[in-house]
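Novice: Model the structure of this input:
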Amino acid sequence: MSIQKRLVGSYMVVICLTVLILEIFLIASVRFYYFHNVERILNNQAELSASFFQQYFDEEDLETQSDRLLQGFAHNSDAQVQIIAPSGRLLQDSNGLQGNVSMTEYPDVQAAIGGAPGVWKGKDPLTHEPVLAVSYPLKEHENGMTLGEVRFVTSLTATLHTLHQITVLLISVGILVIAIVTVLGLLLSWTITRSIKDLKQGADRMTEGDFSIRVRKRYQDELGSLADTLNMMAARILKSEELKNDFISSISHELRTPLTSIKGWVITLKSSGRDNKLLLQEGLDIIESEGDRLSHLVDELLDFSKLDNGRIALELGPVDLSELLRHMGRQLGPRAARQGVSLEVQTGEDLPLIQADVNRLKQVLINLLDNSLKFIAPGGRILLHAHKDQGKVVICVEDTGIGIAEEELARVLHKFYKADQHASGSGLGLAISDQIIRLHHGELRISSTVGKGTTVHIFLPVSDY
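Specialist: Numbers count the residues shown, from 1 in each chain. I've put the predicted structure just below:
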């Protein structure tokens, strides 16, 4: 069953039950009000008549005065008035019913004979119309003996007709309410299911591999937020796909270049390298260099795979940061000198020992210094230094290179990302460095200004793990 049918069905069940309960309550309340009102009027008339009799006629013979009593009682009432003897025999009737008729079959008359007011609702035996009857005992003033009964009878036909009209009106209003709510429920469910259908269609397209699709955001609600999330996810996947394709293209180029060079030199050495030692030495040096380059690329790919799957393990031990930074300066100093770049190393005297994987930290620093050397002009300056700050050790790599644009700064730590797609490298160096620092429970932050340079801060905890 569709969501729209379930929503509309739920609305219908709730509103129908609500309307039904209200209809029953209102109809019962109206019926009670009308019948109680008629009964109250008859009771008041009967009670006034009995009181009048008790004050003025209780010492006279009831049967003799019955005609006068009937005229007095019926003068101010539209109801049928009956004067009944203590035995239950009918003495007078305002509708002309003949006397000597026994009225003891009616419950209200029986109650009045017993000295208590009585009420009866039923059908008139002559006209067969619904009536309401109230009987009241006519008592003697001194000893309270029942001398007879007065009975007021009124037709309920007009009352029932009014109740029928009110009932029809209430039911019609209830049906109208159900119809309105049904239409509103259909519209509301349509607005909800339309957004859900858009989301489903978008998800189906994405399942098929089309991440260029965008789900329409119709309303500012939870489904609208879900549409935004789905669109953002599609955009990121599309970007990742682009980065992956760029990475495949770039790594293919990076692998092809040294392989082509190696293969070319192997062919050259095979053909003429035996008799030319200088050529042989040059070729072997280039093959070794290109082999190291291939090994570096493969190591980066393996490191990334291990980090991405959480399978890399750190070999922690005490690390002297001052010695580590000086070692990095000695290792990359010659390359910086060849490029005409000043590489300076500064270390504080109070740097503590930290627990870390020294080889992984070297890998991070080599990646950072290599990036600085790639994007700095001759005459530039690279500063490598460290200091202690609020329970942490901060390692800084500052350069005066070309810098990174603000819109690219947030993406430089993403895997496969390269600001210049034609530049050498896999685009994994910074992503791997960030993961290594995270494994050390640290943080890597990059700040940069285009044309002025880039600064990388590495924050590492001092305490043992």
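Novice: Sketch out the helices for the stretch 51-200 of the chain, chain order is fine.
Specialist: In the stretch 51-200 of the chain, the segments counted as helices under DSSP state H, counting those that start in this stretch are 62-75, 107-113, 157-207.
Novice: The shortest one: how far from the chain's middle?
Specialist: Read it as helix 107-113. On the basis of Cα atoms, centre = their mean, to the nearest Å, helix 107-113 sits 68 Å off its chain's mean C-alpha point.
Novice: likewise stretch 180-199?
Specialist: Put simply, stretch 180-199 sits 17 Å off its chain's centre (Cα atoms, centre = their mean).
Novice: contacts for that stretch?
Specialist: When contacts are defined by Cβ atoms under 8 Å, 6 or more residues apart in numbering, stretch 180-199 is touched by residues 2-4, 7-8, 11-12, 15, 215-216, 218-219, 223-224, 226-227, 230. To be clear about C-beta, it is placed using only N, CA and C from the backbone, and glycine gets the same treatment.
Novice: quick one on the thing from earlier: now the helices of the stretch 51-200 of the chain as TSV including mean neighbour count, distance to Gly340 and mean pLDDT?
Specialist: What follows is the helices of the stretch 51-200 of the chain, written out as TSV (neighbours: other Cβ atoms under 10 Å; distance: least, Cβ to Cβ, whole Å; pLDDT from 0 to 100):
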stretch	mean neighbour count	distance to Gly340	mean pLDDT
helix 62-75	17	131	80
helix 107-113	21	124	90
helix 157-207	14	50	86
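Novice: For the ones you listed, could you give me TSV that also reports distance to His141?
Specialist: Formatted as TSV, the helices of the stretch 51-200 of the chain follow (distance: least, Cβ to Cβ, whole Å):
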stretch	distance to His141
helix 62-75	14
helix 107-113	17
helix 157-207	35
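Novice: Go ahead and build a PyMOL selection from the buried members of the contacts of stretch 180-199.
Specialist: Per 16 or more other Cβ atoms under 10 Å, the buried members of these correspond to this PyMOL selection:
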select buried, resi 4+7+8+11+15+215+223+227+230
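Novice: now Ala336: how far from Gln435?
Specialist: 27 Å (Cβ to Cβ, to the nearest Å).
Novice: Can you give me the neighbour number for Val321?
Specialist: Check again: residue 321 is Leu, not Val. By other Cβ atoms under 10 Å, 22 other residues sit near Leu321.
Novice: same question, Phe25
Specialist: By other Cβ under 10 Å, 10 other residues sit near Phe25.
Novice: which strands and helices sit next to the host helix or strand of it?
Specialist: Per DSSP states H and E, Phe25 falls inside helix 3-56. When contacts are defined as 3 or more Cβ pairs under 8 Å, 6 or more residues apart in numbering; DSSP states H and E, helix 3-56 packs onto helix 62-75, strand 118-123, strand 130-139, strand 146-155, helix 157-207.
Novice: Mind listing residues that contact the first one?
Specialist: The set of residues external to helix 62-75 that reach it, using Cβ under 8 Å, 6+ apart, is 45, 49, 52-53, 57, 81, 83, 85-86, 91-94, 138, 147-148, 150.
Novice: Can I have the buried ones of those as a ChimeraX selection?
Specialist: Buried members of the contacts of helix 62-75, defined by 16+ other Cβ under 10 Å, are picked up in ChimeraX with:
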select :45,49,53,57,81,83,85,91,92,93,94,138,147,148,150
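Novice: quick one: least confident helix or strand in the chain?
Specialist: Here the helix or strand of the chain ranked lowest by mean pLDDT, DSSP states H and E is helix 277-309, holding a mean of 72.
Novice: helices and strands around that helix, which ones?
Specialist: On the basis of 3+ Cβ pairs under 8 Å, 6+ apart, helix 277-309 makes packing contacts with helix 222-272, helix 429-439.
Novice: hang on, Cys396 in a helix?
Specialist: No - applying DSSP: H, G, I helix; E, B strand; the rest coil, one finds Cys396 to be strand, outside a helix.
Novice: dump the residue contacts of it.
Specialist: With contact taken as Cβ under 8 Å, 6+ apart, Cys396 is in contact with Leu383, Leu384, His385, Ala386, His387, Thr455, Val456, His457, Ile458.
Novice: now do 7 Å
Specialist: Cys396 is in contact with His385, Ala386, Thr455, His457, counting by Cβ atoms under 7 Å, 6 or more residues apart in numbering.
Novice: Make a markdown table out of these and add distance to Leu324, secondary structure and neighbour count.
Specialist: Shown next, in a markdown table, are the contacts of Cys396 (distance: Cβ to Cβ, whole Å; DSSP: H, G, I helix; E, B strand; the rest coil; neighbours: other Cβ atoms under 10 Å):
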| residue | distance to Leu324 | secondary structure | neighbour count |
| --- | --- | --- | --- |
| His385 | 12 | strand | 15 |
| Ala386 | 9 | strand | 20 |
| Thr455 | 19 | strand | 15 |
| His457 | 16 | strand | 15 |
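Novice: Show me which of the residues you listed is closest to Pro352.
Specialist: If you rank the contacts of Cys396 by distance to Pro352 using Cβ to Cβ, Ala386 comes first, at 10.6 Å.
Novice: Just give me the neighbour total for the closest residue to that closest one other than its chain neighbours.
Specialist: The shortest distance from Ala386 to any non-neighbouring residue, by Cβ to Cβ, 6 or more residues apart in numbering, is to Ile395 (4.6 Å). Neighbour count for Ile395, taken as other Cβ under 10 Å: 26.
Novice: With the one 10 residues further on instead?
Specialist: Applying other Cβ under 10 Å, we find 12 residues neighbouring Ala405.
Novice: what's the closest non-adjacent residue to Ile113?
Specialist: Sequence neighbours aside, Gly88 is the residue nearest to Ile113 in space, at 6.0 Å (criterion: Cβ to Cβ, 6+ apart).
Novice: quick one: pLDDT of the spatially closest residue to Phe375 that is not a sequence neighbour?
Specialist: Closest residue to Phe375 apart from its sequence neighbours, by Cβ to Cβ, 6+ apart: Gly401 at 4.3 Å. Predicted confidence (pLDDT) for Gly401: 88.
Novice: How about the one 3 residues further on?
Specialist: Among the per-residue scores, Ile404 shows a pLDDT of 84.
Novice: where does it sit relative to Ile3, distance-wise?
Specialist: 48 Å.
Novice: Then Glu60?
Specialist: 83 Å.
Novice: got CSV for the helices and strands packed on helix 3-56, with distance to Gln346 too?
Specialist: Shown next, in CSV, are the helices and strands packed on helix 3-56 (distance: least, Cβ to Cβ, whole Å):
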stretch, distance to Gln346
helix 62-75, 122
strand 118-123, 109
strand 130-139, 110
strand 146-155, 113
helix 157-207, 51
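Novice: mind checking which of those is nearest Arg236?
Specialist: Arg236 lies closest to helix 157-207 among those, at 11.7 Å (Cβ to Cβ).
Novice: orientation of the closest one relative to helix 3-56 in degrees?
Specialist: The directions of helix 157-207 and helix 3-56 differ by 160 degrees, with axes from the mean of the first three to the mean of the last three Cα atoms, to 10 degrees as the criterion.
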